[in-house]
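Peer 1: give the three-dimensional model of this entry:
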Amino acid sequence: MGRQHWKKIWVGSAGNMVEWFDWFVYASFATYFAGAFFPSGNPTAQLMNTAGIFAVGFFMRPVGGWLLGRVGDRRGRKAALTLTVTLMSASAILIAVAPTYAVAGYGGALVLLVARLLQGLSVGGEYAASATYLTEASDPKRRGFASSFQYVSMTAGQIVGLGLLIVLQRTMSDAALHSYGWRIPFVVGALGAAIVFYLRRTMLETEVYEEDASHTEERGTLRALWRHRREAFLVIALTMGGTVAYYTYTTYLTKYLSNSAGLSKQTATLVSFTALIVFACLQPLAGALSDRIGRRPLLITFAVGSTLLTVPIMTLLKHAGSFWPALGLALLALVVVTGYTSINACVKAELFPTGVRALGVALPYAIANALFGGTAEYVALWFKNAGIESGFSWYVAGCAAVSLVVYVAMRETKDLDLARAGDRTDSSLTTAS
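Peer 2: All right, here's what the predicted structure looks like:
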């Protein structure tokens, strides 16, 4: 892979890391600020309130996917990526200065809500813009490897967030963290976003986008996307199981280990932090493997594993009792999830033509995340509050089973020419012979 390819991957990934740091620290620090914005009482109810606001951010992702996907297709991938990080920086600042319930009543929760809405807009466009950018900027024979860095950078953002949490847990008292320490990561996120804004202003546009000749008025519009509605529905279906599993074993895992398995917050955080480091390292390996054997084998392996193993893994995690058993089970789960995360960006981008690729990835993916990924934590806590916590494990397994049907039926995409991607003959749901 040439130097220019690596430069584009680096700049795209660095920005993506900061975006997802800002997105994930909300979940990582929720146990510390849940009581700051809502009346004291049931800790699980407070977590449900903050998880509800977390989910609301996901419901703005389709709007962000539409708006910023349109920008990405009409103005370029660079323009969309610059705008997403601007929105994320503003949202991080809002959370950092939000007043508590004791100071402003529910006014602080309202500020938190507005910030999450902005984050939803930003991430709704960020995923598609970065997925499209990394896929288009890579060597055609190494698209799986190159696009895997999207989840490397996403996971790196979460690792940095958890790392910061671990540092704060060891340098600040529990009372200080609950009082004001939880604001620190949002200040860090705002500063990081400002640096990325500069980097993205100087980034190079992809050759695939610059050489595309379909510069019409319908470029990046819903009308143009409707012509590829079959591919859009395919994105929703293939995302369903993957996004639920991903958020279960990343954002929700720490809370599950501390709130259900009885591990201390420090131990639960360390389990997630360690598991995510290994998970990030697995992404390029699996992406490179998909360039050799195809995307479908990895997707099918993920879906089969998630369908069969989710209930046993979640049951054993609840009774893990200490660091090492919990870490082993978390790693097993994340190895399975890697079959989806390492390649889902390029699979979706490979389905659409250049003129509607950003919107085609953004909108259906954001819809799937709003319906399944963003609500995963809330659904999990709802099951727990209702006294049937094990029901959530069956829910995750069921979502994976639905996606399995899609993976088995869809055609292989690794050898598609991006200039021809989206042709009916290339993106059929019919299994390749």
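Peer 1: can you count the residues close to the nearest residue to Leu238 once chain neighbours are set aside?
Peer 2: Excluding the flanking residues, the one nearest Leu238 by Cβ to Cβ, 6 or more residues apart in numbering is Val406, at 5.0 Å. C-beta here means a position set from N, CA and C on the backbone, and glycine is covered the same way. Counted with other Cβ atoms under 10 Å, the neighbours of Val406 add up to 20.
Peer 1: where does this structure dip in pLDDT?
Peer 2: 1-2, 40-47, 54, 213-216, 420-433 (pLDDT under 70).
Peer 1: what's in contact with the helix or strand that contains the residue nearest to Leu238?
Peer 2: Element membership for Val406 (DSSP states H and E) is helix 390-409. Defining contact as Cβ atoms under 8 Å, 6 or more residues apart in numbering, one finds that helix 390-409 is touched by 234, 237-242, 244-245, 248, 296, 299-300, 302-304, 306-308, 310-311, 314-315, 372, 376, 379-380, 383-384, 429-431.
Peer 1: list buried members of those by neighbour count.
Peer 2: Using 16 or more other Cβ atoms under 10 Å as the burial test, the contacts of helix 390-409 include 234, 237-242, 244-245, 248, 296, 299-300, 302-304, 306-307, 310, 314, 372, 376, 379-380, 383-384 as buried.
Peer 1: so Ile93: helix, strand or coil?
Peer 2: helix (DSSP: H, G, I helix; E, B strand; the rest coil).
Peer 1: name the SS class of the closest residue to it other than its chain neighbours, please.
Peer 2: Computed as Cβ to Cβ, 6+ apart, the closest residue to Ile93 that is not its neighbour in sequence is Ala190, at 4.8 Å. Under three-state DSSP, Ala190 falls in the helix class.
Peer 1: so Ala190 sits right up against Ser89, yeah?
Peer 2: Yes - Ala190 is within contact range of Ser89, at 5.3 Å (criterion: Cβ atoms under 8 Å).
Peer 1: the two: who's more crowded?
Peer 2: For Ala190 versus Ser89, neighbours defined as other Cβ under 10 Å are more numerous around Ser89 (24 against 21).
Peer 1: ok, now which ones touch Gly163?
Peer 2: With contact taken as Cβ under 8 Å, 6+ apart, Gly163 is in contact with Phe273.
Peer 1: helix or strand for it, which one?
Peer 2: Assessed by DSSP H and E, Gly163 sits inside helix 149-171.
Peer 1: how far out from the middle of the chain is the helix or strand just after that helix?
Peer 2: Of the helices and strands lying after helix 149-171 in sequence (DSSP H and E), the nearest is helix 174-179. On the basis of Cα atoms, centre = their mean, to the nearest Å, helix 174-179 sits 28 Å off its chain's mean C-alpha point.
Peer 1: can you give me the helices for the stretch 1-150 of the chain?
Peer 2: Using DSSP state H, counting those that start in this stretch, the helices of the stretch 1-150 of the chain run over 3-28, 30-37, 43-59, 61-74, 77-97, 101-104, 107-137, 143-147, 149-171.
Peer 1: please identify the most buried of those.
Peer 2: helix 143-147 (a mean of 29; mean count of other Cβ atoms under 10 Å).
Peer 1: which phi and psi does Thr250 have?
Peer 2: phi -120, psi -80 (degrees, to the nearest 10).
Peer 1: ok, now which ones touch it?
Peer 2: The contact partners of Thr250, by Cβ under 8 Å, 6+ apart, come to 24, 155, 158, 272, 276.
Peer 1: roughly how far does the second one sit from Arg201?
Peer 2: By that I understand Thr155. Separation of Thr155 from Arg201 (Cβ to Cβ, to the nearest Å): 25 Å.
Peer 1: so who does the spatially most central residue of the chain touch?
Peer 2: Closest to where the C-alpha atoms of the chain average out (Cα atoms, centre = their mean) is Met154, at 6.7 Å. Contacts for Met154 were tallied using Cβ under 8 Å, 6+ apart; they are 16-17, 20.
Peer 1: ok, it to Ala92 distance?
Peer 2: From Met154 to Ala92 the distance is 16 Å (Cβ to Cβ).
Peer 1: go on, Tyr256?
Peer 2: Remark: distance between Tyr256 and Ala92 (Cβ to Cβ) = 26 Å.
Peer 1: one more: Ala275?
Peer 2: 25 Å.
Peer 1: next one: Ser306
Peer 2: Distance of Ser306 to Ala92, given as Cβ to Cβ: 32 Å.
Peer 1: from the contacts of Thr250, which is closest to Asn344?
Peer 2: Of all these, Thr155 has the smallest distance to Asn344: 13.4 Å, by Cβ to Cβ.
Peer 1: isn't that closest one up against Cys281?
Peer 2: No - when contacts are counted by Cβ under 8 Å, Thr155 is not listed as touching Cys281 (9.3 Å).
Peer 1: quick one: end-to-end length of stretch 382-399, please.
Peer 2: Stretch 382-399 has an end-to-end distance of 17 Å (criterion: Cα to Cα, to the nearest Å).
Peer 1: that should have said stretch 102-110, apologies.
Peer 2: One end of stretch 102-110 to the other measures 14 Å (Cα to Cα).
Peer 1: so which residues of the stretch 151-300 of the chain form helices?
Peer 2: 174-179, 184-201, 207-211, 222-226, 229-249, 253-259, 265-293, 296-318.
Peer 1: how about TSV for those, with distance to Asp73 added?
Peer 2: As requested, the helices of the stretch 151-300 of the chain are exported to TSV (distance: least, Cβ to Cβ, whole Å):
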stretch	distance to Asp73
helix 174-179	43
helix 184-201	17
helix 207-211	9
helix 222-226	8
helix 229-249	14
helix 253-259	35
helix 265-293	25
helix 296-318	26
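Peer 1: closest to Gly355 out of the ones you listed?
Peer 2: Among the helices of the stretch 151-300 of the chain, helix 222-226 comes nearest to Gly355, with 6.5 Å by Cβ to Cβ.
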